[in-house]
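Enquirer: model the structure of this input:
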Amino acid sequence: MSANIKKISKTSIVSKFNYDWKCNRFILLMSLPGLIMIALFAYYPMVGIVTAFQNYSLFLGISGSEWIGFDNFIRFFNDPNFFRIIKNTFFLGLVNLLWSFPAPIILALLINEVVHPKIKKFVQTATYLPYFISVVVIVGIMKSIFGSTGIVNDLLANFGVTPIQFFNESGFFRSLYVGSGIWHGVGYSSILYLAAIVGIDTEMYDAAKIDGCSKFKQIIHITLPSIRPTIITLFILSIGGIISVGFDKILLMYSPATYDVADVISTYVYRKGILDQDYGFSSAIGLFNSLVSIVFLLGANYVSRKLLKESLW
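Expert: Residues are numbered from 1 along each chain as shown. Okay, the predicted model is just below:
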């Protein structure tokens, strides 16, 4: 009986594939280059994960390097910088999430309330344009404004105030990082919410107006509940990336003077892997980072499914 069921299931899968190929063969062929690129640049490099369990040497390669098991992980857990790096990564990711996640939602709600179409397009364009600016350029702009010889310190000097070393003082690092991140990505991130808002049935707003609901009540009782699935989906993804804070911008912004708040897992991997050429150790740290991110993603998805009845899967 079970053998017959397996035969039927295999036959149905083959027949479905043949039917799909017959109907969509051109689309499937068009997607083939993309699938090949994903396989080559996303999945094939994952073979290098084994270096996390080796005393990896560039000259010996993966096949010739010594297998040391979990020694790299144990070494990382015993590293004197371990708690500082973990604390900085979680705290910076959490602060960034708390400020950066609501910003595009608020911007989308505000843009949606703009009545004049030309002004609406101008605001959308103005907030979206920073997304196309390179992170290197953004940090350069920040340093020209907040650097030791930047605009802000020039103004302070004119008023007789001692210049502030924004990039060399730990207290300013997180504010500069999060603030610049919001300016850089808020316009781009708001597009998804605007698309969700556009799909809301306008008759609900008309009915709310007849009932005397203000704009604020319409947002609370119609707009936000209608885009709730989009908000939850993006929030779950953001939770999954809370430990994967931006490596490139931190690397450009931080210095040994701000290591106590700015040194995170990704920058530590860079120093150990690229500068110190300790490839096995840096691979172990990177793998640990990825595993924690997966746990966060699965946990956020599970909690959302249980409490809010909304989830990615």
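Enquirer: switch to C-alpha atoms for all contacts and neighbour counts from now on
Expert: OK.
Enquirer: now the element after the helix or strand of the chain with the lowest mean pLDDT, going C-ward?
Expert: Every helix and strand in the chain was compared by mean pLDDT, DSSP states H and E; the lowest is helix 2-38, with a mean of 74. Going down the chain from helix 2-38, the next helix or strand is strand 54-55, by DSSP states H and E.
Enquirer: contact partners for residue 29?
Expert: The contact partners of residue 29, by Cα atoms under 8 Å, 6 or more residues apart in numbering, come to none.
Enquirer: if I look at it, how far off is residue 20?
Expert: Distance, residue 29 to residue 20, using Cα to Cα, to the nearest Å: 12 Å.
Enquirer: how about residue 215?
Expert: 48 Å.
Enquirer: before we move on, what about residue 194?
Expert: In terms of Cα to Cα, residue 194 sits 34 Å off from residue 20.
Enquirer: count the neighbours of residue 21 for me.
Expert: 14 (other Cα atoms under 10 Å).
Enquirer: spatially nearest residue to it, not counting backbone neighbours?
Expert: Nearest residue to residue 21 in three dimensions, chain neighbours excluded: residue 28, at 7.6 Å (Cα to Cα, 6 or more residues apart in numbering).
Enquirer: low-confidence ranges, the chain, go.
Expert: Counting by pLDDT under 70, the ranges of the chain that qualify are 1-11.
Enquirer: gap between the residue nearest to residue 21 and residue 214?
Expert: 49 Å.
Enquirer: separation between the residue lying closest to residue 301 once chain neighbours are set aside and residue 190?
Expert: Among residues not flanking residue 301 along the chain, residue 311 sits closest, at 5.5 Å (Cα to Cα, 6+ apart). In this structure, residue 311 and residue 190 are 21 Å apart, going by Cα to Cα.
Enquirer: ok, the two, which is more surrounded?
Expert: Neighbours were counted for residue 311 and for residue 190 using other Cα under 10 Å; residue 190 has more, 24 against 17.
Enquirer: show me what the helix or strand encompassing that one is packed against.
Expert: Using DSSP H and E, residue 190 sits within helix 170-198. In terms of contacts (3 or more Cα pairs under 8 Å, 6 or more residues apart in numbering; DSSP states H and E), helix 170-198 is packed against helix 82-100, helix 102-112, helix 117-128, helix 228-240, helix 259-262.
Enquirer: with only the CA atoms kept, save the shortest one in PDB.
Expert: The reference is to helix 259-262. Extracted in PDB, the C-alpha atoms of helix 259-262 (Å, rounded to 0.1, in the frame of the first residue of the first chain):
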ATOM      1  CA  TYR A 259      35.900  50.300  21.100                       C
ATOM      2  CA  ASP A 260      34.100  50.100  24.500                       C
ATOM      3  CA  VAL A 261      30.700  50.800  22.700                       C
ATOM      4  CA  ALA A 262      31.500  50.400  19.000                       C
END
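Enquirer: chain center to that helix: distance?
Expert: 20 Å (Cα atoms, centre = their mean, to the nearest Å).
Enquirer: and the helix or strand following that helix, C-alpha only, in PDB?
Expert: For helix 259-262, the succeeding helix or strand toward the C-terminus, using DSSP H and E, is helix 265-270. Presented in PDB, the C-alpha positions along helix 265-270 are these (Å, rounded to 0.1, in the frame of the first residue of the first chain):
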ATOM      1  CA  ILE A 265      31.100  40.900  16.200                       C
ATOM      2  CA  SER A 266      31.500  41.900  12.600                       C
ATOM      3  CA  THR A 267      34.300  44.400  13.200                       C
ATOM      4  CA  TYR A 268      36.100  41.800  15.500                       C
ATOM      5  CA  VAL A 269      35.800  39.300  12.700                       C
ATOM      6  CA  TYR A 270      37.400  41.800  10.300                       C
END
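Enquirer: run through who's touching helix 265-270.
Expert: 85-86, 89, 244-247, 250-251, 282-283, 285-286, 289.
Enquirer: run the chain-centre distance for it.
Expert: Centroid separation between helix 265-270 and its chain, computed with Cα atoms, centre = their mean, is 16 Å.
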